[in-house]
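Student: with the input below, show me the fold.
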Amino acid sequence: RHPVVMLPALLAAAATLLVCAVIGTAFGLAWVWWAWVLSLGYLGWKVIAWSVEFFIVTEHRSMVVTGVLNRTVLMMPLGKVTDIELQRSVPGRMLGYGEFVIESAGQKKPLLHRVRFMPYPEQLYLECCSVVFSSEDESPD
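Tutor: Numbering: from 1, shown residues only. So this is what the prediction gives:
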C-alpha cells in the first residue's frame, strides 16, 4: 500500500516531539520524553504493519493480506468479480494513491469491497482488469 497510510502515526510522533520539547523545557521534566519514545514505538509498529500488507490478484482470486502478529487474509474468487472501479480523491491525485472498489455477484456486503491507498493506481488498475476480465475477452479460437 501507499506510504501515506503511515502519515497519521508520523504526525502523532511529530506532535508528541513538539509537546515533549515544550513541557521538558518549560518545566524541566525529563520523564516526559517517554511519551515521545512511545509515539516512536507506535510509528515503528505502523511501519512494520505497512511493510507486510499485500494486495494480490492471481488468475483465480484476489486477496488482501494484513496484520503483523495476527495475519488476516480477505479473499474473493475472480469468478464472482463483476466490476472493478478506480476512485481517486484530490489528495490521492496529489500524493499518488487511489482506491479500488470491487463489485461482486451474489454478495450484498463482500469482505473484500474497498482496497484503499493503492500506489500507482492507474497501472495496477489496468493490470488487475487484464487479469480479472481476460478470460471473458478471449475467444476460444
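Student: low-confidence ranges, this structure, go.
Tutor: 107-111, 135-141 (pLDDT under 70).
Student: quick one, helices of it?
Tutor: 7-27, 33-51, 90-95, 121-132, 134-137 (DSSP state H).
Student: just the CA coordinates for the fourth one, please, in PDB.
Tutor: Provided in PDB are the C-alpha atoms of helix 121-132 (Å, rounded to 0.1, in the frame of the first residue of the first chain):
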ATOM      1  CA  PRO A 121      -3.300   3.200  -9.100                       C
ATOM      2  CA  GLU A 122      -3.700   3.500 -12.900                       C
ATOM      3  CA  GLN A 123      -1.100   0.900 -13.600                       C
ATOM      4  CA  LEU A 124      -2.400  -1.500 -11.000                       C
ATOM      5  CA  TYR A 125      -6.000  -0.900 -12.200                       C
ATOM      6  CA  LEU A 126      -5.100  -1.800 -15.800                       C
ATOM      7  CA  GLU A 127      -3.100  -4.900 -14.700                       C
ATOM      8  CA  CYS A 128      -5.900  -6.100 -12.400                       C
ATOM      9  CA  CYS A 129      -8.600  -5.600 -15.100                       C
ATOM     10  CA  SER A 130      -6.500  -7.500 -17.600                       C
ATOM     11  CA  VAL A 131      -6.200 -10.400 -15.100                       C
ATOM     12  CA  VAL A 132      -9.800 -10.400 -13.900                       C
END
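Student: quick check: the nearest residue in space to residue 33 that is not next to it in sequence vs residue 48, distance?
Tutor: Spatial nearest neighbour of residue 33, chain neighbours left out: residue 20 (5.5 Å); criterion: CB to CB, 6 or more residues apart in numbering. Every residue, glycine included, has its C-beta placed from N, CA and C. Look at residue 20 and residue 48: by CB to CB, to the nearest Å, they are 23 Å apart.
Student: what number of residues lie near residue 58?
Tutor: Residue 58: 9 surrounding residues under other CB atoms under 10 Å.
Student: and if you look at residue 57?
Tutor: 20.
Student: partner residues bridging it?
Tutor: Legend: beta-bridge partners of residue 57 under DSSP bridges are residue 62.
Student: mind checking how far it is from residue 128?
Tutor: 5 Å.
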